[in-house]
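*Asks:* Below is the sequence, then the predicted model.
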Amino acid sequence: MESTRPENRLSARGIRLGYGDRVVVGRDQGLDLPVPDGALTVVVGPNGCGKSTVLRALGRLLRPSAGQVLLDGRAIESMPTRVVAQHLALLPQSPTAPEGLTVRDLVGRGRHPHQRWFSTASAADDDAVGRALAQVGLTDLADRVVDELSGGQRQRAWIALALAQETDLLLLDEPTTFLDLCHQLEVLDLVHSLVHPPQVGQGGRAGRTAVVVLHDLNLTARYADHVVAVQDGAVVASGTPAEVFTEELLEQVFSVRARVLEDPVAGGPLIVPLPARHAVVLPSGAAAPARATDQTTDQTTDQNTDQTTDQNTDQNTDRNTHPLTAGATR
């Protein structure tokens with residue numbers, strides 16, 4: 001017998017989203033967004049383009065004015081909240097916890113969809129909470145009040161709540177907010193391992209499906225299986241990072257001129273923005289902007305000329321050198 005399971009467990013079909021009379025997503029025509037099963041999908045785009053709005057609709061926090069979101073082939077707004085929460089976990093932006101709540105109690109709330117009314121936590125619930133705390137490195141802070149945590153620790157506590165829910169679908173809206181680079185990598189490593197667990201072939205749990213909103217394009221290129229680029233409430237490109245992150249798209253969507261190189265570690269795209277000071281100012285009526293390779297050649301020539309002049313002029317002068325500090329692009 002053929003399976004009746006839909007091709008994508010979670011998808012948006014022709015949705016239009018907004019707040020009051022203001023349409024944010026799907027203004028000209030409804031937005032379609034199939035979420036690939038068993039993959040890490042990252043949604044990118046400039047501020048205010050509708051990324052978080054789309055995620056809220058996928059998580060049933062925002063009802064479309066047109067179209068529908070489907071979960072396992074059913075309209076998600078027609079499903080009971082408890083049933084949805086057993087299949088889908090959503091971490092919104094900047095969530096807030098009740099005053100005086102401990103980390104353990106916060107994470108334990110992720111078990112509510114699996115509990116009956118007025119029931120106490122079971123051993124399975126305690127185990128799930130313990131695993132989630134360990135996964136985000138907060139076991140030693142389990143009894144600390146959430147308000148006493150640093151911004152990064154608090155963010156990891158909320159991620160632990162979503163993990164304790166133990167759903168197959170995970171929606172995370174900017175989960176690396178407030179985190180330093182080390183913890184950003186740890187969180188994305190964790191999400192990637194949930195989608196692609198190393199022990200699947202040895203009888204372990206099958207991978208989950210995750211949809212994440214991120215701003216860092218290079219981290220997106222490193223971790224994403226599937227990228228969706230959004231501009232003005234519409235999907236303008238989707239596919240693998242190499243397919244989406246082209247120099248033309250970066251200029252179109254983000255208004256940034258950049259070179260796209262090969263990541264020497266992961267082999268995928270590596271985005272190197274070109275600061276305005278590196279752009280060639282053309283006279284009025286010039287046909288086309290200089291290519292980045294031409295700029296590099298010109299800069300190298302100018303640098304060599306300047307260095308030669310400086311050396312001839314300042315032979316007897318001690319020159320101080322300053323190392324260049326490379327920073328992560330956000």
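*Replies:* Yep, it's here. Numbering: from 1, shown residues only.
*Asks:* Could you pull up the mean pLDDT of the top strand by length along the chain?
*Replies:* For the chain, the longest strand by residue count, based on DSSP state E, is strand 10-19. Across strand 10-19, pLDDT averages out at 95.
*Asks:* following that strand, which helix or strand shows up next?
*Replies:* Sequence order places strand 22-25 as the next helix or strand after strand 10-19, per DSSP states H and E.
*Asks:* Can you list the strands that that next one pairs with?
*Replies:* Strand pairing for strand 22-25, using DSSP bridges, gives strand 10-19 (antiparallel).
*Asks:* Can you point out the buried residues in the strand it pairs with?
*Replies:* For strand 10-19, a neighbour-count test (16 or more other Cβ atoms under 10 Å) marks 10-12, 15-18 as buried. Just so you know, the C-beta spots here come from the backbone N, C-alpha and C atoms, and that holds for glycine as well.
*Asks:* likewise stretch 92-108?
*Replies:* So stretch 92-108, judged by 16+ other Cβ under 10 Å, has buried residues 97, 102-108.
*Asks:* Contacts for it next, please.
*Replies:* 52, 55-56, 59, 61, 121, 125, 129, 132-133, 138, 141-147, 149, 154, 157-158, 160-161, 164, 173-174, 177 (Cβ atoms under 8 Å, 6 or more residues apart in numbering).
*Asks:* starting at the chain centroid, how far to that stretch?
*Replies:* Computed by Cα atoms, centre = their mean, to the nearest Å, the separation of stretch 92-108 from the middle of its chain amounts to 22 Å.
*Asks:* And for stretch 80-87?
*Replies:* 24 Å.
*Asks:* Let me see the mean pLDDT of that stretch.
*Replies:* Computed over stretch 80-87, the average pLDDT equals 91.
*Asks:* what residues does it touch?
*Replies:* Residues contacting stretch 80-87 (Cβ under 8 Å, 6+ apart): 60, 71-72, 76, 112-114, 165, 167-169.
*Asks:* what distance separates the start and the end of stretch 166-178?
*Replies:* End-to-end distance of stretch 166-178: 24 Å, with Cα to Cα, to the nearest Å as the criterion.
*Asks:* Which positions in that stretch come out as buried?
*Replies:* Buried positions in stretch 166-178, judged by neighbour count with 16+ other Cβ under 10 Å: 166-176, 178.
*Asks:* okay, those in a markdown table with secondary structure, distance to Gly268 and pLDDT next?
*Replies:* Below are these laid out as a markdown table (DSSP: H, G, I helix; E, B strand; the rest coil; distance: Cβ to Cβ, whole Å; pLDDT from 0 to 100):
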| residue | secondary structure | distance to Gly268 | pLDDT |
| --- | --- | --- | --- |
| Glu166 | coil | 30 | 89 |
| Thr167 | coil | 28 | 89 |
| Asp168 | coil | 26 | 90 |
| Leu169 | strand | 25 | 95 |
| Leu170 | strand | 22 | 94 |
| Leu171 | strand | 23 | 96 |
| Leu172 | strand | 21 | 95 |
| Asp173 | strand | 23 | 95 |
| Glu174 | coil | 21 | 93 |
| Pro175 | coil | 20 | 90 |
| Thr176 | coil | 18 | 89 |
| Phe178 | coil | 26 | 80 |
